[in-house]
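Asks: What follows is a predicted protein model with its sequence.
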Amino acid sequence: MILDRLNGIKRTDYCGTLTRQDEGKEVTVAGWVQCQRDLGGLIFVDLRDRTGIVQLAFDDNTDKEIFEKATALRSEYVVMASGKVRVRSSINTEIPTGEIEIEVTELKILGVSETPPFEILPDSNANEELRLRYRYLDLRRPDIQKNILLRHKITKVTRDYFDDNGFIEIETPTLIKSTPEGARDYLVPSRIKQGSFFALPQSPQLYKQLLMLSGFDRYMQIARCYRDEDLRADRQPEFTQIDLEMSFVEPEDVYAIAEGYIKRLFKEVLDVEIETPLPRLTYTQAMEDYGSDKPDTRFDMKITDLSDIVETCGFGVFADTVKNGGTVRAITAKGAAGVYTRKEIDKLTEEAKGIGAKGLAFIRWSEDVPNCSFAKFMTEEEMSAIYERTGAEKGDVVLIVADRKKTVLSVLGALRLTVAKRLDIIPDKYNFLWITEFPFFEYNEETGNWDAMHHPFTSPLDECVQYLDSAPEKVFAKAYDLVLNGVELSSGSIRITDPELQGKMFKALGLSDEEAHEKFGFLTDAFKYGAPPHGGMGIGLDRLVMLMCGCDSLRDVIAFPKVSNSSELMSGAPAEVDEAQLKDLSIGIIKNDK
């Protein structure tokens with residue numbers, strides 16, 4: 001087939017924008033054939049572009065040559081059609097353009113297509129690996145296009161909001177010096193300086209702080225970031241964050257800017273009102289109540305401490321745990337007895353063990369007398385106290401874990417989510433939450449050292465500075481996370497600008513003066529020349545879009561995503577390179593037989 005040429009014909013309208021108000025209008029539309037229905041003397045073609053579908057009609061009044069062209073159309077052919085908008089004889093209420101069709105007077109076939117490896121349909125059940133291999137076809141699907149278009153709108157509102165609030169968008173380098181930031185860097189070998197490497201930035205952290213020292217006062221950037229780490233549904237090796245930094249601020253100032261942004265974004269993009277100020281929990285409160293530093297607060301099911309009730313009970317698992325410095329805690333699943341049979345609870349026990357628990361005790365109150373895995377070791381008074389403390393009543397299930405506090409909280413925090421999803425009690429709404437006052441240090445049981453939970457330029461709370469040398473567990477940070485529906489959207493902090501305090505922080509982290517200068521000297525040297533107090537945060541754009549689109553995976557909101565082994569199936573990246581390229585870089589490949 002010889003393809004038609006445009007010959008100066010211009011598209012006048014997008015397919016999905018036409019309505020009954022356009023009746024009688026002469027239009028030209030272009031796009032891909034969704035389907036063709038040949039009824040003999042009548043042909044209907046659904047034409048699709050990024051805005052939706054419109055029906056093209058060919059009948060007895062159509063020019064014979066154009067009608068013959070229409071008989072040749074197949075799915076995914078690229079066409080341009082001109083004609084008059086008319087009201088359809090049979091209304092299709094499933095699509096916005098279902099009241100009208102185009103009576104075609106001119107048709108150009110601009111591209112032909114082989115049969116695609118899967119149908120271009122919303123909510124495709126085609127294998128994801130196949131769809132990612134042909135991602136350029138997958139991107140034609142209306143639901144994926146809707147996500148990408150929503151992402152565009154989010155970035156547009158983002159830039160407008162921060163510009164309106166005095167922020168300056170400044171690009172920072174993509175090829176930087178490797179610095180320790182928690183995850184592995186992606187390294188880029190230098191051809192000119194052989195044996196040396198650039199790193200791709202995990203975040204623009206150091207550069208945005210230097211911009212504050214440079215006097216720009218308010219910076220923002222929609223920044224590409226890279227981390228060489230294992231993937232999951234809400235993580236990609238290359239990702240985008242809305243990065244911002246502000247001078248002469250305290251945490252309240254950062255909260256106010258971020259809350260204003262969230263309020264405006266959700267109103268303009270989704271027409272959803274977000275009430276501000278957003279609720280806050282300290283890290284300690286979040287862990288105690290929900291077993292997570294990014295709790296989903298759309299449902300209740302808080303963790304209850306039973307340690308004081310069971311510390312002298314006859315059940316050795318509970319009593320011995322408390323005696324040895326551990327804790328016994330529970331969650332109560334209201335109305336769960338009808339769903340969680342003993343077999344289902346056994347599955348939860350295996351999940352708990354997989355997370356680190358030694359076991360899972362339970363109360364299943366389905367009959368008049370509760371079925372309890374440990375009741376025979378307890379007195380009636382102790383059981384009554386547990387029922388009262390947990391709020392348990394007929395129809396409920398209580399899950400109890402006894403172990404070290406860290407293990408108990410993490411296990412119950414995970415079970416809380418599993419149970420809520422199983423019971424389908426999570427409402428469809430947006431619950432934002434600030435998590436504040438994070439611990440500055442985290443004890444590493446493998447090395448016996450205290451590691452920084454944040455980058456080393458995070459400022460400790462003023463009242464905690466006294467404990468830097470003597471009691472690291474008492475040091476909390478001017479750090480904060482923004483959480484949405486159990487997903488960490490943002491992390492930020494107020495930075496250290498006092499060289500003396502910065503030196504103490506390096507020392508507390510086990511860095512010598514030489515090591516600190518080697519890794520961060522270009523920043524710490526800058527602090528000698530007048531550093532304003534500053535702080536900021538980075539908001540995960542991909543995660544934000546994912547949640548606003550109602551998707552479960554980042555891959556649904558990124559045009560060309562990676563899969564779990566960090567490869568991109570469509571192009572085949574990463575791929576081997578030829579020997580000449582390696583020779584230019586003085587690099588040799590060592591084969592790993594493992």
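Replies: Noted; the coordinates are in hand.

Asks: ok, longest helix in the protein?
Replies: helix 142-164 (DSSP state H).

Asks: helices or strands next to that one in the packing?
Replies: With contacts taken as 3 or more CB pairs under 8 Å, 6 or more residues apart in numbering; DSSP states H and E, helix 142-164 sits against strand 168-169, strand 218-226, helix 251-270, helix 541-549. Every C-beta, even on glycine, is put in place using the N, C-alpha and C of the backbone.

Asks: Identify the residues contacting the last one?
Replies: What that stands for is helix 541-549. Contacts of helix 541-549 from elsewhere in the structure, counted by CB atoms under 8 Å, 6 or more residues apart in numbering, are 146-147, 150-151, 154-155, 158, 222, 234, 236, 239-242, 266, 269-270, 430, 484-485, 487-489, 552-554, 556-558.

Asks: can you rerun that using 7 Å?
Replies: Residues outside helix 541-549 that contact it (CB atoms under 7 Å, 6 or more residues apart in numbering): 147, 150-151, 154, 222, 234, 236, 239-242, 269-270, 484-485, 487, 489, 554, 556-558.

Asks: Then the second one?
Replies: Around strand 218-226, the neighbours that count as contacts under CB under 7 Å, 6+ apart are 155, 158, 162, 166-172, 174, 186, 200-204, 208, 211, 237-246, 541.

Asks: Keep only those of these that are in helices.
Replies: 155, 158, 162, 208, 211, 541.

Asks: Just flag the most distant two among these.
Replies: Spatial extent of the ones in helices among the contacts of strand 218-226 (CB to CB) is set by the pair Thr155 and Leu211 at 20.6 Å.

Asks: Mind checking which of these two has more residues around it?
Replies: Leu211 (21 against 15; other CB atoms under 10 Å).

Asks: who are the neighbours in contact with that one?
Replies: Leu211 is in contact with 170, 219, 245, counting by CB under 7 Å, 6+ apart.

Asks: again, only using 8 Å
Replies: Residues in contact with Leu211 (CB under 8 Å, 6+ apart) are 170, 172, 219, 245.

Asks: Quick check: the farthest pair among those residues?
Replies: Thr172 and Glu245 (10.7 Å).

Asks: which neighbours do the two share?
Replies: Contacts common to Thr172 and Glu245, judged by CB under 8 Å, 6+ apart, are 208, 211.

Asks: out of these two, which sits in the more crowded spot?
Replies: When Thr172 and Glu245 are compared on other CB under 10 Å, the one with more neighbours turns out to be Glu245, at 29 against 19.

Asks: Leaving out the residues flanking it, which one is nearest to that one?
Replies: Closest residue in space to Glu245, ignoring its immediate chain neighbours: Gly536 at 3.5 Å, by CB to CB, 6 or more residues apart in numbering.

Asks: May I ask you to confirm that that neighbour is in contact with Val254?
Replies: Yes - counting by CB atoms under 8 Å, Gly536 does reach Val254; the two are 6.6 Å apart.

Asks: With just CA atoms, put stretch 438-453 into CSV.
Replies: The C-alpha coordinates for stretch 438-453 follow below in CSV (Å, rounded to 0.1, in the frame of the first residue of the first chain):
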residue,chain,number,x,y,z
PHE,A,438,13.4,11.4,63.8
PRO,A,439,16.2,9.8,65.7
PHE,A,440,19.5,11.1,64.5
PHE,A,441,21.4,7.9,64.9
GLU,A,442,20.4,4.2,64.3
TYR,A,443,22.3,1.4,66.1
ASN,A,444,23.9,-1.0,63.7
GLU,A,445,23.8,-4.4,65.4
GLU,A,446,26.2,-6.0,62.9
THR,A,447,29.0,-3.4,63.3
GLY,A,448,28.2,-2.2,66.8
ASN,A,449,28.3,1.4,65.6
TRP,A,450,25.8,4.2,65.5
ASP,A,451,25.0,5.1,61.9
ALA,A,452,23.3,8.3,60.7
MET,A,453,19.6,7.9,59.8
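
Asks: contact partners of that stretch?
Replies: 283, 293, 454, 458, 460, 464, 472-473, 475-477, 479-481, 508-510.

Asks: how about the nearest residue to Ala508 once chain neighbours are set aside, what does it touch?
Replies: Leaving aside its chain neighbours, Ala508 sits nearest to Leu468 (5.0 Å; criterion: CB to CB, 6+ apart). With contact taken as CB under 8 Å, 6+ apart, Leu468 is in contact with 460, 475, 504-505, 508.

Asks: so of the residues you listed, which ones are in strands?
Replies: Using DSSP state E, no member of the contacts of Leu468 falls in strands.

Asks: Most neighbours of all the residues you listed, which one?
Replies: Pro460 (25 neighbours).

Asks: I'd like to know how far it sits from Ile494.
Replies: Computed with CB to CB, to the nearest Å, the distance linking Pro460 and Ile494 is 10 Å.

Asks: Also Asp164?
Replies: From Asp164 to Ile494 the distance is 24 Å (CB to CB).

Asks: Between these two, which has more neighbouring residues?
Replies: Each of Asp164 and Ile494 has its neighbours counted (other CB under 10 Å); Ile494 has more, 24 against 10.

Asks: Could you check the pLDDT of the more buried one?
Replies: Note for Ile494: predicted pLDDT of 96.

Asks: before we move on, what about Met548?
Replies: Per-residue pLDDT puts Met548 at 97.

Asks: Let me know how buried it is, in neighbour terms.
Replies: Other residues within reach of Met548, judged by other CB under 10 Å, total 21.

Asks: And it, how far from Ile262?
Replies: Using CB to CB, one gets 11 Å for the distance from Met548 to Ile262.

Asks: What of Ala516?
Replies: Distance from Ala516 to Ile262, counting by CB to CB: 36 Å.

Asks: And these two? Which one has more around it.
Replies: Neighbours per residue, other CB under 10 Å: of Ala516 and Ile262, the larger number sits with Ile262, 22 against 18.

Asks: all strands for the stretch 201-350 of the chain, in order.
Replies: Assignment of strands within the stretch 201-350 of the chain using DSSP state E, counting those that start in this stretch yields the ranges 218-226, 238-247, 280-282, 304-305, 327-333.

Asks: Kindly format the C-alpha coordinates of the longest one as CSV.
Replies: Read it as strand 238-247. What follows is strand 238-247 as a C-alpha-only set of coordinates in CSV (Å, rounded to 0.1, in the frame of the first residue of the first chain):
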residue,chain,number,x,y,z
GLU,A,238,16.2,6.6,38.2
PHE,A,239,13.5,8.8,39.7
THR,A,240,12.3,12.3,39.9
GLN,A,241,11.9,14.5,42.9
ILE,A,242,10.6,18.0,43.4
ASP,A,243,13.6,19.4,45.2
LEU,A,244,13.5,22.6,47.3
GLU,A,245,15.6,24.6,49.7
MET,A,246,15.0,27.8,51.6
SER,A,247,17.2,30.2,53.6
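
Asks: Tell me where the model's unsure across this structure.
Replies: Regions of the chain meeting the criterion pLDDT under 70 cover residues 180-182, 231-234, 593-594.

Asks: and Thr240, what does it touch?
Replies: Counting by CB under 8 Å, 6+ apart, Thr240 touches 222-225, 540-542.

Asks: Number of residues surrounding Pro117?
Replies: A count of neighbours around Pro117, defined by other CB under 10 Å, yields 13.

Asks: which element is it on?
Replies: Here Pro117 sits in a region with no helix or strand, counting by DSSP states H and E.

Asks: quick one: it and Asn127 touch, right?
Replies: No - contact between Pro117 and Asn127 fails when scored by CB under 8 Å: they sit 9.6 Å apart.

Asks: How far does stretch 324-332 sit from its chain's centre?
Replies: Centroid separation for stretch 324-332 versus its chain: 31 Å, with CA atoms, centre = their mean, to the nearest Å.

Asks: which parts of that stretch are buried?
Replies: Residues of stretch 324-332 classed as buried: 326-332 (neighbour count, 16 or more other CB atoms under 10 Å).

Asks: That's all I had, so thanks and see you.
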